[in-house]
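>>> When you get a sec, could you give me coordinates for this:
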Amino acid sequence: MSDKTMSAEEAVSRLESGMTLGIGGWGSRRKPMALVRALLRSEVTDLTVVSYGGPDVGMLAAAGRIRRLVAAFATLDSIPLEPHYRAARERGTLELTEVDEAMFLWGLRAAAHRLPFLPVRAGLGSDVMRVNPGLRTVTSPYEDGETFVAMPALRLDAALVHVNRADRLGNGQYLGPDPYFDDLFCEAADTAYVSCERVVDTAELTKEAPPQSLLIKRHTVTGVVEAPNGAHFTSCAPDYGRDEAFQRRYATTPWAQFSARYLAGDEQAYRSAVGEDS
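Numbers count the residues shown, from 1 in each chain. This next block holds a predicted model:
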């Protein structure tokens, strides 16, 4: 066993241009925004991003870092369509592979189990098949003879996720109402970097929460980053909710102006700018 703690900058330094990068969370909920901001401060680009998209997708798209996006949606939740993502799509600056939410899930499951695909009913009879002509169907070899979509595995070179607590070994704990699919992102990836609100001793993880809250297992984790408020401006229940005022500012501010104000410096500069404008 080893100490896997590192800084956000150290984690991002291990990423390379052209990678397929999975980003956990859901919409504008528990996104690893401190890691995304560190990524935006790097030179990494030409990414294939796999995400239940939120501001992670919007920021990376606005900055021109995404070559291809694989997603079921890109939303800020209280703002239905991520505006910076929308602007990038309207400019035609990224390719999009859009699939059903369940198809996305089964793609992660297939990758986690090192399978080439998994059969799923979702997508049948919908335009998902029309807009993704590369998708194939398979027929059950049993008496039912049912037809399924063969959802290909969403294999990842690296994954970024955020949780409430983690230990130095890489065990990650969520304390909110929904685990999303952060464990599958880690299992589907060759390397995974977990940011957390607080690094604690392993014994502390189960003092106030059940073992079932240990969502992420250490053998799937490459690095652990302590990042208090690291999901801001998205939510990280029960530690904090979404910063709706800041999210509105993000959604209505031209990207060049937003990035110059909030992303030009390090994480401390970001926090200071947010505090000054609150």
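
>>> quick one: the strands in the stretch 51-200 of the chain?
66-74, 95-98, 117-120, 136-139, 147-152, 156-166, 172-173, 189-199 (DSSP state E, counting those that start in this stretch).

>>> Dump these to JSON lines, plus distance to Gln247, mean neighbour count and mean pLDDT.
All C-beta atoms are positioned from the backbone trio N, CA, C, and that covers glycine. Below are the strands of the stretch 51-200 of the chain laid out as JSON lines (distance: least, CB to CB, whole Å; neighbours: other CB atoms under 10 Å; pLDDT from 0 to 100):
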{"stretch": "strand 66-74", "distance to Gln247": "14", "mean neighbour count": "20", "mean pLDDT": "98"}
{"stretch": "strand 95-98", "distance to Gln247": "23", "mean neighbour count": "15", "mean pLDDT": "97"}
{"stretch": "strand 117-120", "distance to Gln247": "32", "mean neighbour count": "19", "mean pLDDT": "98"}
{"stretch": "strand 136-139", "distance to Gln247": "39", "mean neighbour count": "12", "mean pLDDT": "98"}
{"stretch": "strand 147-152", "distance to Gln247": "32", "mean neighbour count": "20", "mean pLDDT": "98"}
{"stretch": "strand 156-166", "distance to Gln247": "16", "mean neighbour count": "27", "mean pLDDT": "98"}
{"stretch": "strand 172-173", "distance to Gln247": "25", "mean neighbour count": "26", "mean pLDDT": "98"}
{"stretch": "strand 189-199", "distance to Gln247": "19", "mean neighbour count": "23", "mean pLDDT": "98"}
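
>>> Which of these sits closest to Val36?
strand 156-166 (7.1 Å; CB to CB).

>>> So which elements touch that closest one?
Other helices and strands packing on strand 156-166, by 3 or more CB pairs under 8 Å, 6 or more residues apart in numbering; DSSP states H and E, are strand 20-23, helix 33-40, strand 172-173, helix 182-187, strand 189-199.

>>> between these, which gets nearest to Gly125?
Nearest to Gly125, of all those, is helix 182-187, at 25.9 Å by CB to CB.

>>> All set, thanks.
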